[in-house]
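In: here is a sequence with its predicted model. Questions after.
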Amino acid sequence: MRLGALCEANGTGGSADALGPQGGRRLGPATTTRAMRGNTQVTPSFVRRTLAIVLVCLICAATGEPIAGEVMSAEEIVKALTTVTDEGGTRGIAVAPRPGSLPPGVNLDIPFGLNSDQLQPSATAQLDQLAQALQSDALASSRVEIVGHTDSSGAAAYNLSLSLRRATAVRNYLVAEAGIGQERLAAVGRGEEEPIPGTDPASARNRRVEITLLDRK
């Protein structure tokens, strides 16, 4: 997610400058914060909220952790699943590295509740894009494997069970909400066994759902 987009959502338009009503003068720190940009009043609480969002973005950028809300489009998913690749990424959501002898796969950021297999409401945006990809002409006759992954925090046995339950939750959504045939979807859990290459096994990036193409007709 672009920093400017976050700022726009809070009415700042990505600028840290406040313009005065006369001649576009910049307001100094001792000047009143009752400046207006469009219909947005710049108040101390507004500034604090905006700075908090900026801080989160900077932390995510510095650590390489994904920013919540990244959604891979149906077109990007189709491309990832129909192109064998050893490396790559799309808008912060990595195409899963696969040796040439293995089918292609793609990692998706699908949010769940903490230590839960319950899909968060925000997960539907990504799941709906996945459903569109599976219904596209390129993949309409394909079977895919839904693979749940976790990071290395917690007990390995628990992580394995949780990853399977999460993969199953994704499969159930695709069947119930998108009408994808259950016979086209296999759900498996890998727990913490397969972190993204080059990442810390405890990294939040490893809490993900991978979609792998099983066969394509």
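Out: Cool, got the structure.
In: least trustworthy helix or strand in this protein by mean pLDDT?
Out: Across the helices and strands of the chain, mean pLDDT, DSSP states H and E gives its lowest value to strand 89-90, namely a mean of 36.
In: quick one, longest helix in the protein?
Out: helix 156-178 (DSSP state H).
In: after it, which helix or strand is next?
Out: strand 185-191 (DSSP states H and E).
In: in terms of secondary structure, what does that following strand contact?
Out: strand 143-149, helix 156-178 (3 or more C-beta pairs under 8 Å, 6 or more residues apart in numbering; DSSP states H and E). No exception for glycine: its C-beta is placed from N, CA and C like everyone else's.
In: kindly reformat these as JSON lines containing mean neighbour count, distance to residue 192 and mean pLDDT.
Out: Output for the helices and strands packed on strand 185-191, formatted as JSON lines (neighbours: other C-beta atoms under 10 Å; distance: least, C-beta to C-beta, whole Å; pLDDT from 0 to 100):
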{"stretch": "strand 143-149", "mean neighbour count": "23", "distance to residue 192": "8", "mean pLDDT": "96"}
{"stretch": "helix 156-178", "mean neighbour count": "18", "distance to residue 192": "5", "mean pLDDT": "97"}
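In: I'd like those as a markdown table, with distance to residue 185 appended.
Out: What follows is the helices and strands packed on strand 185-191, written out as a markdown table (distance: least, C-beta to C-beta, whole Å):
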| stretch | distance to residue 185 |
| --- | --- |
| strand 143-149 | 6 |
| helix 156-178 | 5 |
